[in-house]
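> Predicted model and sequence follow; I will ask about them next.
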Amino acid sequence: DGTFYEPNTIVCGATALIRPKGPEDYELSRDDLSMEVRQVRNVVIAPAEVTKTVHPRRKDGFTLIYITPKYRHGAHTTPVDLDLMALWFGPFGDVYRQDKRMPWVGEGYVDVNPEDARELGINDGDYVWVDADPEDRPFRGWQEKPEDYKVHRALMRARYYLGLPRGVARSWFNMFVATYGSVEGQEKNPDQLARNPRTGYQAMFRAGSHQSATRAWLRPTLMTDSLARKELFGQVIGKGFAPDIHCTVGAPKESLVKLTKAEDGGIEGARLWRPASLGLRPTYESETMKKFMKGGFVTGT
């Protein structure tokens, strides 16, 4: 689903090479791009034609491809196992938690190109909502369940990141998500930590997480039982069912999202997050910071 173009298509220039049954064979409309149907439409489109298509959510202000990769040396729970790790996993660590909105001594964030962020009115360090296709995210039927929606809609910091191309946003997937207990902890704990008051579970998001924007997907090859393919393990070529070819994708990692500013990054009425206001952040550099980056404080011997 992480594309500006028509999602989940089979891109193939040699149209005679692959001939899966199309939507019409299953009494589906080729124009039906709803979430469930577009997973198994098996529409084959040539590469040059794909670039002429548009993702159905672009018209609703969904402008960023959201990727949620696994940080190799921080897999699973590493950045939240210890407060020291959480403190250094990203730029938002503060052992004193001077901003009591912080769920812990560190917190989850979304990386975004500064030009994209500024077009959306988002400053470095602001809190933002990260929303994916509302048809089924953060969960199906959220419109009728406002209290559940409050827990599951993704709320996190925005980090200006020059290493990302325009149109792409990123969150690392390995941070503890918000739960009913962690949201309750923010409301009831004297220190406002996002910590379950009964179990001690500690979240790194005020609400939701990167997983609020992703979902499991059926592969577009689901109905191509005659397609030649490689075995799940090894190099044997065969055809018919194989788990890695036909089964649901179990580790969703990408989607198309809309970022919306939720709150200023600064505290006590300040608009800017303090490191940005001090000129220490990308595109906010003070003259002193620019001199530092050029090595201006180092002299030869």
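The structure has been received and is ready for your questions. Numbers count the residues shown, from 1 in each chain.

> what residues are up against G279?
Shown in contact with G279 (C-beta atoms under 8 Å, 6 or more residues apart in numbering): 285-289. Where C-beta positions appear, they are placed from N, C-alpha and C, glycine not excepted.

> May I have the secondary structure class of it?
What DSSP: H, G, I helix; E, B strand; the rest coil gives for G279 is coil.

> In a markdown table, list the contacts of G279 along with pLDDT.
A markdown table is the format used below for the contacts of G279 (pLDDT from 0 to 100):
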| residue | pLDDT |
| --- | --- |
| E285 | 97 |
| S286 | 97 |
| E287 | 97 |
| T288 | 96 |
| M289 | 96 |
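
> Closest one of these to M85?
M289 (26.8 Å; C-beta to C-beta).

> what about the nearest residue to E254 once chain neighbours are set aside, distance to R215?
Nearest residue to E254, sequence neighbours excluded (C-beta to C-beta, 6 or more residues apart in numbering): G2, at 3.1 Å. Distance, G2 to R215, by C-beta to C-beta, to the nearest Å: 12 Å.

> what do you get for A276?
Following C-beta to C-beta, the distance that separates A276 from R215 is 33 Å.

> ok, those two, which is more surrounded?
Using other C-beta atoms under 10 Å as the criterion, A276 and R215 rank with A276 on top: 22 against 19.

> In contact with that one, which residues?
Counting by C-beta under 8 Å, 6+ apart, A276 makes contact with 123-125, 265, 284.

> 6 Å instead, please
A276 is in contact with 124-125, 284, counting by C-beta atoms under 6 Å, 6 or more residues apart in numbering.

> is it fair to say it lies in a helix?
Yes: checked against three-state DSSP, A276 lies within a helix.

> Check the spacing between it and L259 real quick.
Distance from A276 to L259, by C-beta to C-beta: 17 Å.

> ok, which stretches of the stretch 201-301 of the chain are strands?
Using DSSP state E, counting those that start in this stretch, the strands found in the stretch 201-301 of the chain span residues 228-230, 237-239, 254-263.

> for the stretch 1-150 of the chain, that is, sorry about that
Under DSSP E, counting those that start in this stretch, the stretch 1-150 of the chain gives strands at 10-11, 44-45, 64-67, 109-112, 127-131.

> any idea which of those is most buried?
strand 109-112 (a mean of 24; mean count of other C-beta atoms under 10 Å).

> Nice, that's everything, thank you.
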